[in-house]
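Peer 1: turn this into a model:
(chains A and B)
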Amino acid sequence: MSRGLRLAVALLLAFVILGLFAWLFQGKHIDVLSPAGVVADEQRKILLFALILSTLVVIPVFGILTFVSLKYRASKRPIDYSPEWGESKRLELIWWGVPIAIIAVLGTVIYNTSHSLDPYKKIAGDTAIEVQVIGLQWKWLFIYPDYGVASLNRMPIPVDTPIRLVLTTEAPMSALWYPALGSQIYAMNGMESQLNVKATKLGQYKGYNTNINGEGYAKMIATADAISMNDFLKWTSNTKTENNLLDMLVYEEIAEPEIVRDFKSYRLDDTSIYDTVLMRNMTHGAGASMHHSPGATHE
Amino acid sequence: MSDFVTFLIGRMSFEYLPTDPATIGAAIGMPLGVLAVAALITYFKKWKWLWQQWVTTVDAKKIGTMYIVVAILMLLRGGADALMLRLQTAVAVGDAKGPFDADMFQQVVTAHGTLMIFFVAMGLVFGIINWVLPLLIGARDMAFPVLNSISFWLFASGMILNNFALVFGGFSNGGWLGYPPLTGLEYNPGPGVDYWIWSLQIAGIGSLLSGVNFFTTIIKNRAPGMTLMKMPIFTWSVLVTSVLIMLAFPILTVTLALLGFDRTLGTHFFTSDSGGNPMLYINLIWAWGHPEVYILVLPAFGVFSEVVATYSKKKLFGYKSMVIALLAIMFFSFIVWQHHFFTMGAGANVNAFFGIMTAVIAIPTGVKIFNWLFTMYRGSIHFTAPMFWFLAFVVTFTIGGVTGVLMAVPALDFQVHNTLFLVAHFHNVIIGGVVFGLFAGITHWFPKIFGFKLHDGLGKLSAILWQVGFILAFIPLYILGLMGAVRRLDSYDDPTWQPLFIVSGIGVVVIALGMAALIMQIGYSIWKRNELKDETGDPWDGRTLEWSVPSPAPHYNFAVTPTVTERDDWWYRKQRNDTAYLKSDYVDIWLPKNSAVGLLVGVGAGMAGFAIIWHLWWLLVPALLFVVLVIIRQTMNDDDDARVSATELFHEDNLGRRA
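Peer 2: Numbers count the residues shown, from 1 in each chain, chains lettered A, B, ... in the order given. You can find the predicted model right below:
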């Protein structure tokens, strides 16, 4: 192939790929880039800032690569070919110095945002509503101790109100992530982790389990239902009048390993469920008896 | 079952035979393939050849070839896994079912990751190191040739055990790093996780021994005059890698052993109850796992340093910077492991520390890229296939570097961790860095090992297909990750994700075509080997010592041990017209004899692994004893080398240089 033809083919290929991606991404809703929560919004800003910062390195790399590849081909017999030229303190100072400066800036951002967006940090505003989350094989249980209600696979939250999630599991390590609200955190047996979120827009946002915890892992999707405070209070009071109750007995049924995708609301008859689950997995798992007893698999 | 039968067969039972068609096909196909190869060997009466030339060889170049053959076979299997994964995600939207159920899909995910890292990437890295490390430093072989053979056979043994899971027992479904408690007894009582543990344990010990061997070889076996600062950068990269291996692999060994104890002896190191702690496992496995990434990528960096200088016909730019950068990466790679789990809730200060350290590693890495680019600047570049791999590397690796720096920011990592964004990132750096680098290295050094060059055009075609396929396969994954798609996802609800998954699947097919082009390149080159023959021993007008010997390099590498006076010694010797030796330069040399010790240790270790997996305690004790006895016997073997006379060397060397 002649050089012109090769160039034409390469350009055509590049356009086809670019066009393909343009077509693919049109009208797509990208949760991380169109956030509905204060945390996710901050994170989107950091993402864009870090991306722009990195172009300070990427553009020179691609630029120099293109330039040297075109100019110094052997076939062009480069006139300033100098096989013994292999050192320049000044040049090397530039590409040690510039990246160090960039990383110094980024390091500051890392330090500051690690603190300001620490998932454990309470979000400023009204007193946070506490939601206790239990990750199970394969469903999420949300308990609202202060409101006497609980909910399966759905987390109704009032908009513009800080929510403090405390999480544990009675399953292999899991993680809960609402991309539209921002941040994820691991949840583990016998341990408690925390995640603070605050929705700023009404709407339904999907929450995913990001950590594999068995067969039903991909189906473990919980929806955050960001509603007005009035609707939220209405939901809690309606739920409390219904007969669908949650106590330890009902909990044990829910905890059986099984994919459950329905939404359900419960009147909370036992406010200590979360603590009981947390504590019993810390000592010797009563949780273990629901699955396989370790002893039983030894012949 | 009676106690005696249980004693005899452990926990083996018919229920562990595969039941679904795909696995049955593989389970029948693989042994049939092995049988077919065995039949061919018998038909062509090649058993003796195989035994003498390959199985018992202690020649690093041949061991390297065996590593690379195993790695490419595993690449084909791991690649088939990748095709299956993307086939599943292309169809399994909403209620639509893919070809695999969730458990099978998770086994395939786990197998794909495990094979690609432990048996493909490691195999290619160790293969290339074995091919050229002694040649680059003017040595005749590794410091411990028999140990080198043991390392290879432990690697092969781990590989066979790993693949045997497909035939009998099933594989782990716990992800490639097998986090407990999912991989603990409570949630995963079957043999799959045990296959994973013990196959990696065996291969990992082989890797550790390799690290010791490479390190000693570089320290002790350099040609006279080759000071550390006169070593080729590839050698430096191997030195740094071997330090990382020696420091990191013991952690893997201990971690896997403790998980194994939890599963077979009922201990509680990593259980969530009774005082165990799975977070300890996650810390330990990444304390190995992050250095491991650099163990893989640094040799690839080293390859590019040789490749770019050679084909630009110019001295490597900033040699000292390159060495400093390697040492910096060596140091920092040990203090970044926590960035694999910012989301475990360690607290802001811990996250900030590891995040900043991670970002800092980007500095020496960036410096290396600029040094390569300025090696090309004012050079005279020949765009051969290895340079095509280099171009693909710069593009791919830079994108991977940027997304890596994004994830070094803990606050951002909370939005992309364990999503397909992460998956795209590490494929960017591992395929772009390790795979492209080692393919460049294979193409570059192939003539030195086999005596003929690889076809250049097919190599370029392969590089282009890999690059295009790569973009198609992984750019959609970045976007999917930001849309909420997590990793290891066997099905999803959102139909708007499907087109992206389909494009990604097409990308994997294009990569498969790239792989086919690579296989064709090797096949076609073997067919046309007379036309592609390297008569000179120096087909690329090379710079380093390996090009001073005939191609293929004789089993003793150097007929006369070279004396080195400067960096890129061969390049300057050519300029001084100082390339021949006098007859009086040749002296008698002693070379290690072939040895079956490596094979026997590998077999013993494989049996021991199999015994633990199936609880065959009667087999475990003799298997381990066998390994120990074989090694003790070897330590008493004084008749382990043979003389090659000076006359013979002189004769052969000058015959080789006839052209």
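Peer 1: domain ranges for chain A?
Peer 2: By the assignment in automatic domain parsing, chain A contains the domains A:33-75+A:91-117, A:129-287.
Peer 1: hmm, what's the outermost residue in chain A?
Peer 2: The outermost residue of chain A relative to its centre, with distances by Cα atoms, centre = their mean, is A:Ile79 at 53.5 Å.
Peer 1: ok so that one is a strand residue?
Peer 2: No: A:Ile79 sits outside any strand when classified using DSSP: H, G, I helix; E, B strand; the rest coil, being coil.
Peer 1: below-threshold pLDDT in chain B: ranges please.
Peer 2: For chain B, applying pLDDT under 70 flags the ranges B:1, B:656-659.
Peer 1: list the contacts for the residue positioned nearest the centre of it?
Peer 2: By Cα atoms, centre = their mean, the mean C-alpha position of chain B lies nearest to B:Met122, the distance being 1.6 Å. Contacts for B:Met122 (Cβ atoms under 8 Å, 6 or more residues apart in numbering or on different chains) come out as B:71, B:155, B:203, B:207, B:296. From N, CA and C alone the C-beta is placed, and that goes for glycine too.
Peer 1: could you say which helix or strand holds it?
Peer 2: helix B:122-136 (DSSP states H and E).
Peer 1: how far out from the middle of the chain is that helix?
Peer 2: In terms of Cα atoms, centre = their mean, to the nearest Å, the centre of helix B:122-136 is found 10 Å from the chain centre.
Peer 1: buried stuff in it?
Peer 2: For helix B:122-136, the neighbour count (16 or more other Cβ atoms under 10 Å in any protein chain shown) marks B:122-136 as buried.
Peer 1: next, give me the two most distant ones among those.
Peer 2: B:Met122 and B:Leu135 (20.8 Å; Cβ to Cβ).
Peer 1: who's the closest spatial neighbour of whichever residue of the stretch 551-659 of chain B sits closest to chain A, skipping the chain neighbours?
Peer 2: Nearest residue of the stretch 551-659 of chain B to chain A, counting by Cβ to the nearest Cβ: B:His615, 7.1 Å away. Using Cβ to Cβ, 6 or more residues apart in numbering or on different chains and skipping the chain neighbours, the partner closest in space to B:His615 is B:Gly10 (3.6 Å).
Peer 1: the one you found touches B:Leu620, doesn't it?
Peer 2: No: with contact defined as Cβ atoms under 8 Å, B:Gly10 does not count as touching B:Leu620 (9.8 Å).
Peer 1: between those two, point out the one with more neighbours.
Peer 2: Neighbour count, other Cβ atoms under 10 Å in any protein chain shown: between B:Gly10 and B:Leu620, B:Gly10 has more, with 21 against 18.
Peer 1: now do the contacts for the more buried one.
Peer 2: Applying Cβ under 8 Å, 6+ apart, the residues near B:Gly10 are B:611, B:614-617.
Peer 1: change it to 7 Å
Peer 2: B:614-616 (Cβ atoms under 7 Å, 6 or more residues apart in numbering or on different chains).
Peer 1: got the buried residues for the helix or strand that B:Trp571 is a member of?
Peer 2: Per DSSP H and E: B:Trp571 is located in helix B:569-575. Going by neighbour count (16+ other Cβ under 10 Å), the buried part of helix B:569-575 is B:569-571, B:573-574.
Peer 1: before we move on, what about stretch A:85-100?
Peer 2: For stretch A:85-100, a neighbour-count test (16+ other Cβ under 10 Å) marks A:85-86, A:91-92, A:95-96, A:98-99 as buried.
Peer 1: end-to-end on stretch A:180-191?
Peer 2: This stretch, stretch A:180-191, spans 26 Å end to end (Cα to Cα, to the nearest Å).
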